[in-house]
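Q: what would the 3D arrangement of this be:
(chains A and B)
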Amino acid sequence: EAAVTQSPRSKVAVTGGKVTLSCHQTNNHDYMYWYRQDTGHGLRLIHYSYVADSTEKGDIPDGYKASRPSQENFSLILELASLSQTAVYFCASNNRGLGNTLYFGEGSRLIVV
Amino acid sequence: GDSVTQTEGPVTLSEGTSLTVNCSYETKQYPTLFWYVQYPGEGPQLLFKVPKANEKGSSRGFEATYNKEATSFHLQKASVQESDSAVYYCALSDHSGGSNYKLTFGKGTLLTVTP
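A: I've put the predicted structure just below:
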């Protein structure tokens, strides 16, 4: 079964500070994604990647950067964290051959104070 | 662009009662439709998907029919259990030009089932 692990699972960050959320998958999937979950907004796509060393903007990329150094790893970077970025972040992966089924990690809860 | 609209929650039901979560979508392409479920403290997981119009998907007692004419994909269950308490997401993915790299999600519906 697909395995996507995220770290840290929970973090408190200071406004203006840098935050890095990491994601690791062991399923040899091509595609990896970062979603943000907020009450009333559901899941919104921030960045995604379909190959190592390349990332693409999703629907809400402002204030976020992404990095895909290898097929297995995908990071989300908040260079200057803001209060509005308090949310739960989910990493996911899939392959084209899987009919688009996404395999999600357990989430990273970020609180910016 | 693509969009998905689903029943606004929260929804609270007693065990043994029936559930319907409405989902309607807009897209110019030929989507695969999905229902995902998220249990407390976990990430979303696939409940089931339906790639073709007029077909039905089902899992764990839940079912939904891909209605292309009405652009709907309503989730139903005849008798809910306390363990069904979760957030349910309707989603779509289009196949135009092989652009199957992402899904568009609805806002989610929080279901709480009381004993």
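Q: up against chain B, what does chain A have?
A: Counting by Cβ under 8 Å from any Cβ of the partner chain, the residues of chain A close to chain B are A:4, A:31, A:33, A:40-45, A:48, A:50, A:58, A:90, A:92, A:96, A:99-107. Quick note: C-beta positions are derived from backbone N, CA and C, even for glycine.
Q: redo that, cut-off 10 Å
A: By Cβ under 10 Å from any Cβ of the partner chain, the residues of chain A that approach chain B are A:2, A:4, A:6, A:9, A:30-31, A:33, A:35, A:37-45, A:48-50, A:56, A:58-59, A:88, A:90-92, A:94, A:96-107.
Q: for ChimeraX, write the select line for the buried members of those.
A: The following ChimeraX line selects those of those that are buried, judged by 16 or more other Cβ atoms under 10 Å in any protein chain shown:
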select /A:2,4,6,30,31,33,35,37,42,43,44,45,48,49,50,56,58,88,90,91,92,94,98,100,101,102,103,104,105,107
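Q: what residues does chain B put near chain A?
A: B:1, B:4, B:6, B:8-9, B:31-32, B:34, B:36, B:38, B:41-46, B:48-49, B:51, B:87, B:89-95, B:98, B:100-110.
Q: buried subset of those as a PyMOL selection?
A: What follows is the PyMOL syntax for the buried subset of these, where burial is set by 16+ other Cβ under 10 Å:
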select buried, chain B and resi 4+6+9+31+32+34+36+38+43+44+46+48+49+51+87+89+90+91+92+93+94+100+101+102+103+104+105+106+107+108+109
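Q: among the residues of chain B next to chain A, which lie within strands?
A: Among the residues of chain B next to chain A, DSSP state E puts B:4, B:6, B:32, B:34, B:36, B:38, B:45-46, B:48-49, B:87, B:89-93, B:104-105, B:109-110 in strands.
Q: in chain B, what residue is nearest chain A?
A: Closest approach between chain B and chain A, counting by Cβ to the nearest Cβ: B:G43, at 3.3 Å.
Q: residues touching that residue, list them.
A: A:4, A:6, A:35, A:37, A:88, A:90-92, A:102-107, B:36 (Cβ atoms under 10 Å, 6 or more residues apart in numbering or on different chains).
Q: out of those residues, flag the one nearest to A:A13.
A: A:V88 (13.9 Å; Cβ to Cβ).
Q: pull up the pairing partners for the strand ranked longest in chain A, direction included.
A: Secondary structure of chain A per DSSP E: the longest strand is strand A:42-51. Next to strand A:42-51 in the sheet, as set by DSSP bridges, lie strand A:31-38 (antiparallel), strand A:54-57 (antiparallel).
Q: I'd like these as a markdown table, with mean pLDDT appended.
A: A markdown table is the format used below for the strands paired with strand A:42-51 (pLDDT from 0 to 100):
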| stretch | mean pLDDT |
| --- | --- |
| strand A:31-38 | 94 |
| strand A:54-57 | 93 |
